[in-house]
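Pasted the sequence and its predicted model underneath.
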Amino acid sequence: MGCGSCSTGGGCTPNGCKSNGSCGTGGCQTMEVHDWLSNLDMPSNYKPFQVTEIKFKGSRKEFFLNNDNIYLEIGELVAVEGPTGGFDVGHVSLTGELVRIQMKRRKTALDQVTKKIYRKATEADVEKWNAAKGMEWETMHKARKLALDLRLQMKISDVDYQADKTKATFFYTADGRVDFRELIKKMAESFRIRIEMRQIGMRQEAGRLGGIGSCGRELCCSTWLTNFKTVSTAAARYQNLSLNTLKLAGQCGKLKCCLNYELDTYLDALKDIPDRIENLDTEGGYARHQKTDIFKKIMWFSYQGDENWIPVKAARVKEIMAMNKAGKKAPNLKEEAVQVAAPVVVEKSFDYENVVGQDSLTRLDERSRGKNNQNKNNNQKNNRNNNQNRRERVPAGEKNAGANNKPQQPQHGAQKAQQGGKQQPNGSKPQQNAGQKPQQTVPKPQHVNGPKPQNNKQKQQPQAQKPVVKAEGNVAAEGVRPEQSKNKNRNNRRKNNNRRNNNNGSENKPAAE
């Protein structure tokens, strides 16, 4: 069970060989070790090494004795002896002389390896193993509920069942020591198996669960990283990284392990760069340090009030610092500026035609921004048109309302007598609105200098519009629309009162009498 490209010699294609997750051999997976001795011819009297490395769930690897000299290939499922009896099922991860090297690396003596390999896993063994693995998810959630009921400050992150369903190992994380004796009793009653509790750290938890890092690749602790070194914020300072905990922390909540990968390279490059840089005293004034390019060994300085940064070589900065210590001023840094080559912009050449702009990451933002601007302009235009139409309609409405509410002005003395002889319909008196002065029986002329009648025929003609008189509790008479608002009526009454006040006193006296 394996493939030729992974040096396992079989008919399977591991994940790294584009099997799309259908590989069950464990090759090209977590903590894989390449068997670089598989293609070498061994001597004729060579005796294979009896110890074999077996991999289990969560990157757990152990050594087992192959006393029966069973021919095993990397990736095969085998039934091995359990830690407390019974059997367990795992994948063969390493065989041959490489196991001897791994034992030396882990400082494991040959006498310490006592458990042995029973057989290659049969179909019955695989079925039991799959059934046990299927119970792990439900068991973990039940155990979490029991821990919450007991109010224990712990988080159960994973459960590992033995293939014969006789033992389960619970992995948990906690800030300190936890008294879980009562929890073990309740779990033993619920699951009817032997319980083992094992506390792990945050990084071990992330390695067991796996995930995708901020770089877009699978976590190092779940693929190839076996030992966890301490990481401090000094590693970020040496590499000129911003001390932002959100960016420096990984999925485990601790500092990323990759901060140590390039730390030695940066420390070697920093040997030629002066430390504890203060302001440089020059003839142009004090120059302040802004930034440093570690690998190019160029440092940027700027003068007070000047926004331009001056690049200077690190060796020259050391000389200027020595001059300042001797009490001498260095020449202006602008005279010793280094010519930094501008970055060359390489035009991208595609083997296809960029028709709809699919190569731009901000193409959707530009479209949405254009639509928002267009909608904003349309809204402003509509508001402007509505305001203009409102200005045109309001004066005309007020004018018509004033004409309708205004009583017909008499233009001749005979006409006054004719109107004075008229009576209200149904013998009712006109109602007066609250807060309004009582209307006089004889209406007043509009203005002294108003239009004069042209002939006598027009004087004798009946009026086309009658004065606005409200019936008892009913809508106003002709000329007034019932849907007119109260504000317009109030404005019309104010206009009529102003007109009366502007009339001549001689005309008001007989009207008052």
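That came through fine.

May I see the buried residues of stretch 95-115?
Buried residues in stretch 95-115, defined by neighbour count with 16 or more other C-beta atoms under 10 Å: Thr95, Gly96, Leu98, Val99, Gln102, Met103, Val113. The way it works is simple: take the backbone N, C-alpha and C, and place the C-beta from them, glycine included.

for the protein, what spans make up the helices?
Ranges of helices in the chain, per DSSP state H, are 97-105, 123-134, 136-149, 181-191, 202-209, 233-238, 245-248, 263-269, 314-325, 363-405, 413-420, 456-460, 486-502, 505-512.

The second one versus helix 136-149: what angle between them?
The directions of helix 123-134 and helix 136-149 differ by 30 degrees, with axes from the mean of the first three to the mean of the last three C-alpha atoms, to 10 degrees as the criterion.

per-residue confidence averaged over helix 123-134?
On average, the pLDDT along helix 123-134 is 93.

low-scoring stretches of this protein, by residue?
For the chain, applying pLDDT under 70 flags the ranges 1-33, 350, 352, 354-361, 363-371, 392-487, 502-513.

sorry, back to before: tell me which of the helices of the chain sits most buried.
helix 202-209 (a mean of 20; mean count of other C-beta atoms under 10 Å).

in the sheet, who's paired with Arg288?
Per DSSP bridges, the residues bridged to Arg288 are Ser302.

That one touches Ser302, doesn't it?
Yes - at 5.8 Å, Arg288 counts as touching Ser302 under the criterion of C-beta atoms under 8 Å.

ok, Ser349 - how many residues close by?
Look at Ser349: counted by other C-beta atoms under 10 Å, it has 5 neighbours.

re the thing from before, with distance to Val345 as extra columns, can I get the helices of the chain in JSON lines?
Formatted as JSON lines, the helices of the chain follow (distance: least, C-beta to C-beta, whole Å):
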{"stretch": "helix 97-105", "distance to Val345": "48"}
{"stretch": "helix 123-134", "distance to Val345": "54"}
{"stretch": "helix 136-149", "distance to Val345": "52"}
{"stretch": "helix 181-191", "distance to Val345": "63"}
{"stretch": "helix 202-209", "distance to Val345": "40"}
{"stretch": "helix 233-238", "distance to Val345": "30"}
{"stretch": "helix 245-248", "distance to Val345": "28"}
{"stretch": "helix 263-269", "distance to Val345": "27"}
{"stretch": "helix 314-325", "distance to Val345": "28"}
{"stretch": "helix 363-405", "distance to Val345": "20"}
{"stretch": "helix 413-420", "distance to Val345": "93"}
{"stretch": "helix 456-460", "distance to Val345": "89"}
{"stretch": "helix 486-502", "distance to Val345": "66"}
{"stretch": "helix 505-512", "distance to Val345": "90"}
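
Isn't Pro311 up against Trp300?
Yes - using C-beta under 8 Å, Pro311 is in contact with Trp300, at 5.4 Å.

Need the residues touching each of these two.
The overlap between the contact sets of Pro311 and Trp300 (C-beta atoms under 8 Å, 6 or more residues apart in numbering) is empty.

need the contact list for Val113.
So Val113 contacts Val51, Phe63, Phe64, Leu65, Met103 (C-beta under 8 Å, 6+ apart).

same thing but at 10 Å, please
Contacts for Val113 were tallied using C-beta atoms under 10 Å, 6 or more residues apart in numbering; they are Gln50, Val51, Thr52, Glu62, Phe63, Phe64, Leu65, Val99, Met103.

closest to Val159 among those?
Val159 has its nearest neighbour among the contacts of Val113 in Glu62, at 18.5 Å by C-beta to C-beta.

Give me the neighbour count for the residue nearest to the closest one when sequence neighbours are not counted.
Excluding the flanking residues, the one nearest Glu62 by C-beta to C-beta, 6 or more residues apart in numbering is Ile54, at 5.8 Å. Other residues near Ile54 come to 24 when the count uses other C-beta under 10 Å.

Tell me the bridge partners for Ile54.
What pairs with Ile54, by the bridge criterion (DSSP bridges), is Glu62, Val92.

Check whether it really touches Gln102, as I assumed.
No - counting by C-beta atoms under 10 Å, Ile54 sits too far from Gln102 to count as a contact (11.9 Å).

Overlap in contacts, the two.
Lys61, Phe63, Ser93, Leu94.

burial count for the third one?
Counted with other C-beta under 10 Å, residues neighbouring Ser93 total 26.

so it touches Lys61, yeah?
Yes - assessed by C-beta under 10 Å, Ser93 is found in contact with Lys61 at 6.1 Å.

State the pair within the shared contacts of Ile54 and Gln102 that is farthest apart.
Across the shared contacts of Ile54 and Gln102 (C-beta to C-beta), the longest gap, 10.4 Å, separates Phe63 and Ser93.

Which residues are in contact with each of the two?
Residues touching both Phe63 and Ser93 by C-beta under 10 Å, 6+ apart: Thr52, Glu53, Ile54, Val99, Gln102.

With distance to Gln239 as extra columns, can I get the contacts of Val113 in a markdown table?
Shown next, in a markdown table, are the contacts of Val113 (distance: C-beta to C-beta, whole Å):
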| residue | distance to Gln239 |
| --- | --- |
| Gln50 | 47 |
| Val51 | 42 |
| Thr52 | 42 |
| Glu62 | 38 |
| Phe63 | 39 |
| Phe64 | 43 |
| Leu65 | 47 |
| Val99 | 38 |
| Met103 | 36 |
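
Out of those, who's the most crowded?
Counting neighbours by other C-beta under 10 Å, Thr52 comes out on top of the contacts of Val113 with 25 neighbours.

In contact with that one, which residues?
62-66, 70, 72, 74, 78, 80, 92-96, 99, 113, 116-117.

Now do the phi/psi pair for Asn69.
Dihedral pair for Asn69: phi 50, psi 50, per degrees, to the nearest 10.

tell me, how many neighbours does it end up with?
Using other C-beta under 10 Å, Asn69 has 9 neighbouring residues.

Quick one: residues contacting it.
Contact analysis of Asn69 by C-beta under 10 Å, 6+ apart lists Lys47, Pro48, Gln50.

mind checking how far it is from Thr95?
12 Å (C-beta to C-beta, to the nearest Å).

Tell me, how many residues neighbour Glu283?
Counted by other C-beta under 10 Å, the residues lying close to Glu283 total 10.

didn't it look like it was pressed against Met323?
No - taking C-beta under 10 Å as the definition, Glu283 is not a contact partner of Met323, at 11.4 Å.

Please consider this matter closed, and thank you.
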